[in-house]
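J.: Predicted structure and sequence below. I'll ask about it afterward.
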Amino acid sequence: MKYFYQQLFGFVSVVLLTIAACGILFYNVMSNNVYTQRSQQLQSYAKGLIATDMSDADIYKLGTILREENVSIAMFDENNAMTYPSSSLDTNSALTEDELNHLKNGAAINLKEVQMNFTGEAVDNLITVYYPIIKNGQYKGYVALASPMSRIQTEVRELRNSMFIAFGAAIIIGIMMSFVFANYQTRRINKLRKATHKISEGDFDVKLPVESRDEFDDLMKDFNNMARSLRESEKEVERQENVRRQFMMDVAHEMRTPLTTMNGLLDGLKYNMVPESRRGRSLELISSETQRLIRLVNENLDYEKIRSNQIVLVQHRFAGIGAIQTVVEQIRELAKVKNNILRYECDTDFSVYADYDRFVQILVNITKNANQFTDNGEILVKAWNEGKKAIVEISDTGIGIDEREIKEIWERFYKADVSRKSTKYGESGLGLAIVKSLVDSHHGKISVKSEVGKGTTFRVVFPGESEL
Ligand SMILES: Nc1ncnc2c1ncn2[C@@H]1O[C@H](COP(=O)(O)OP(=O)(O)OP(=O)(O)O)[C@@H](O)[C@H]1O
Ligand SMILES: [Mg+2]
């Protein structure tokens, strides 16, 4: 059975039971009241009769008046013989021996729904009162008064009818109120049900109205809290998923260049294409690049670092010329393919305060870009110190970057020209975004100057340790 009907059924049963119980109780009390009032009235007539010690003529007159009120009166002597209205000796009352003794003891008798008159003749329902006459402590007979029940019954019937009307109205109002209340409760449950359904479908943007009145409102408050936590954890899951995806792409991006270089060098060695004089240098490069890759993987695969998007820098001061040479070596083969001249200018005492691997990573990315966007041109990697600062400039004579696009190149996945995508030029548009974040974590500065068709110059400044 639906909750609404259960509620309705519950409320209506309570209303009906209460009204029925009250109705029966009230009806009984009221009808008894009517009987009692009538018998008391008759008794007071009887008392009046006895007290005034009326003459027969007075009694006769009173009898006539009372008859008009539908009250019949009779009097009996101590021998149970009627003295009024007829005084024949053989007209005895229909009272039993017990009842007579009761009267003799001075107590009145009230009889309800009697089916015969004082002398035992069958009549319609009567209400009868017998009242003893005691004079100077002597039992002198009794007065009997009777009134037909029909009048009382009419009164009771009228009372019952008005009660029926009142209770009928109460039932209708009760049912209507039950309906409204059950409907109100059911509507709130349905709201909660719909919200739960939304959540089960993955829509956590639900908020139920809370008026803080009852337990339902408490439940709705808890429900809203639950939805908020779910929303937050969904966002956190999404954020982590983005971090993971970004990390995977960054790692792939960073590994591609050294692996390609190493692959080229290994092929050269395998087929004896590397001149004897450069073999040692090639092996050295393969070794140092392998080391660098191992460090990169070890560091980056730390789950916590990926999660919090942090990279830990191991900064120290080192001679930068070796790093510059490594960068140039890595790009050399690529430059040859594009017929570019790749040079570097660097003082032998050039030194940098940075994380070695990240320093190489930054320069490889920029130099690789320079080569990517230059054909038959020149690429120059220039490095020098200004006090403790280390400055590296990488310039090319390539296609350049449009002034309007310079601001955008640091964005992830940005490529100045979409047609370059997966062609001989760029790959994913990640390089400069990584470079920028690495320079930032060194508290360094990166800037670019470019002229379309003439070339581009990237300048990176690494601060000295005292400036941090
Ligand atoms: N030296 C340059 N000359 C001309 N345009 C450049 C140069 N360096 C960067 N750009 C422009 O900036 C964009 C972003 O460079 P970025 O290194 O971030 O991506 P990419 O080189 O296209 O791809 P990826 O580095 O991920 O392989 C490039 O697509 C290019 O349009
Ligand atoms: Mg790039």
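T.: Here it is on my side, so go on. Ligands and ions are numbered 1, 2, ... in the order given.

J.: So which bits of the strand of greatest length in the chain are buried?
T.: The longest strand of the chain (DSSP state E) is strand 122-135. Along strand 122-135, these residues count as buried under the neighbour rule (16 or more other Cβ atoms under 10 Å): L126, I127, T128, V129, Y130, Y131, P132, I133, I134. Heads up, the C-betas are built off the backbone N, CA and C, glycines and all.

J.: Tell me the first helix or strand C-terminal of it.
T.: Per DSSP states H and E, the first helix or strand lying C-terminal to strand 122-135 is strand 138-148.

J.: So which of the buried residues of strand 122-135 is the closest to ligand 1?
T.: Closest to ligand 1 out of the buried residues of strand 122-135 is I127 (112.9 Å), distances taken as Cβ to the nearest ligand atom.

J.: just checking, that closest one touches Y35?
T.: Yes. With contact taken as Cβ atoms under 8 Å, I127 and Y35 are classed as touching, separated by 6.8 Å.

J.: joint contacts of those two?
T.: Common neighbours of I127 and Y35 are listed as K112, I152 (criterion: Cβ atoms under 8 Å, 6 or more residues apart in numbering).

J.: hang on, T457 in a strand?
T.: Yes. For T457, which was evaluated using DSSP: H, G, I helix; E, B strand; the rest coil, the result is membership in a strand.

J.: Determine the number of other residues adjacent to it.
T.: Other residues lying near T457 total 16 when counted by other Cβ atoms under 10 Å.

J.: wait, what's in contact with the nearest residue to it once chain neighbours are set aside?
T.: Sequence neighbours aside, S395 is the residue nearest to T457 in space, at 3.9 Å (criterion: Cβ to Cβ, 6 or more residues apart in numbering). S395 is in contact with A370, I379, L380, K382, G455, T456, T457, F458, counting by Cβ under 8 Å, 6+ apart.

J.: What separation do you get for S395 and S450?
T.: As for S395, its distance to S450 is 10 Å (criterion: Cβ to Cβ, to the nearest Å).

J.: which residues do the two both contact?
T.: When Cβ under 8 Å, 6+ apart defines a contact, the residues bordering S395 and S450 alike are T456, T457.

J.: Enumerate every residue touching the residue of the stretch 351-468 of the chain at minimum distance from ligand 2.
T.: Of all residues in the stretch 351-468 of the chain, the one sitting closest to ligand 2 is G431 (2.8 Å; Cβ to the ion). For G431, the contact set (Cβ under 8 Å, 6+ apart) comprises H253, N365, K368, N369.

J.: all strands of this protein, in order?
T.: Assigned by DSSP E, the strands in the chain fall at 72-76, 82-84, 109-116, 122-135, 138-148, 315-319, 341-346, 351-355, 378-386, 389-396, 445-451, 455-462.

J.: Give me the residue ranges of the protein where confidence is low.
T.: Counting by pLDDT under 70, the chain shows low-confidence ranges at 53-54, 87-92, 119-120, 299-309, 413, 415-428.

J.: How about the contacts made by the spatially most central residue of it?
T.: With the centre of the chain defined as its mean C-alpha position, the nearest residue by Cα atoms, centre = their mean is F223, 2.4 Å away. F223 makes contact with L192, A195, T196, L208, according to Cβ under 8 Å, 6+ apart.

J.: I'd like the contacts of G431 laid out as CSV, including neighbour count and distance to ligand 1.
T.: Formatted as CSV, the entries for these read as follows, by neighbours: other Cβ atoms under 10 Å; distance: Cβ to the nearest ligand atom, whole Å:
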residue, neighbour count, distance to ligand 1
H253, 18, 5
N365, 24, 6
K368, 23, 7
N369, 22, 4
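
J.: From those residues, which land in helices?
T.: Among the contacts of G431, the ones falling in helices (DSSP state H) are H253, N365, K368, N369.

J.: tell me which parts of the stretch 151-300 of the chain are close to ligand 1?
T.: Neighbours of ligand 1 within the stretch 151-300 of the chain, by Cβ under 6 Å from any ligand atom: H253.

J.: residue in the stretch 1-150 of the chain nearest to ligand 2?
T.: Nearest to ligand 2, among the residues of the stretch 1-150 of the chain, is Y3, at 63.9 Å (Cβ to the ion).

J.: Now do the nearest residue to that residue once chain neighbours are set aside: how many residues are near it, please.
T.: Sequence neighbours aside, T186 is the residue nearest to Y3 in space, at 5.8 Å (criterion: Cβ to Cβ, 6+ apart). The number of residues packed around T186, counting by other Cβ under 10 Å, is 17.

J.: tell me the contacts of the residue in the stretch 1-150 of the chain that ligand 1 sits nearest to?
T.: Residue of the stretch 1-150 of the chain nearest ligand 1, by Cβ to the nearest ligand atom: Y3 (59.9 Å). Y3 makes contact with Q185, T186, I189, according to Cβ under 8 Å, 6+ apart.

J.: Can you tell me, leaving aside adjacent residues, what's nearest to whichever residue of the stretch 101-250 of the chain sits closest to ligand 2?
T.: Distances between the stretch 101-250 of the chain and ligand 2 by Cβ to the ion are smallest at D250, namely 12.3 Å. With Cβ to Cβ, 6+ apart as the criterion, D250 has its nearest non-adjacent residue at 5.8 Å, and that residue is I434.

J.: count of residues packed around that neighbour?
T.: The number of residues packed near I434 is 19, by other Cβ under 10 Å.

J.: right, and it touches K368 too?
T.: No. I434 lies out of contact with K368 (Cβ under 8 Å); the separation is 11.7 Å.

J.: Pull up the residues of the stretch 351-468 of the chain that are close to ligand 2.
T.: Among all residues of the stretch 351-468 of the chain, those adjacent to ligand 2 (criterion: Cβ under 5 Å from the ion) are N369, G431.

J.: ok, 8 Å please
T.: Within the stretch 351-468 of the chain, the positions adjacent to ligand 2 are N365, K368, N369, Q372, G426, E427, G429, L430, G431, L432 by Cβ under 8 Å from the ion.

J.: What's the local residue count around T18?
T.: Neighbours of T18 under the rule other Cβ under 10 Å: 12.

J.: all helices for the stretch 1-150 of the chain, in order.
T.: With DSSP state H, counting those that start in this stretch, the ranges of helices along the stretch 1-150 of the chain come out as 3-52, 56-68, 97-104, 149-200.

J.: and the second one with helix 3-52, angle?
T.: Looking back up the chat, that one is helix 56-68. Per axes from the mean of the first three to the mean of the last three Cα atoms, to 10 degrees, the angle that helix 56-68 makes with helix 3-52 is 160 degrees.
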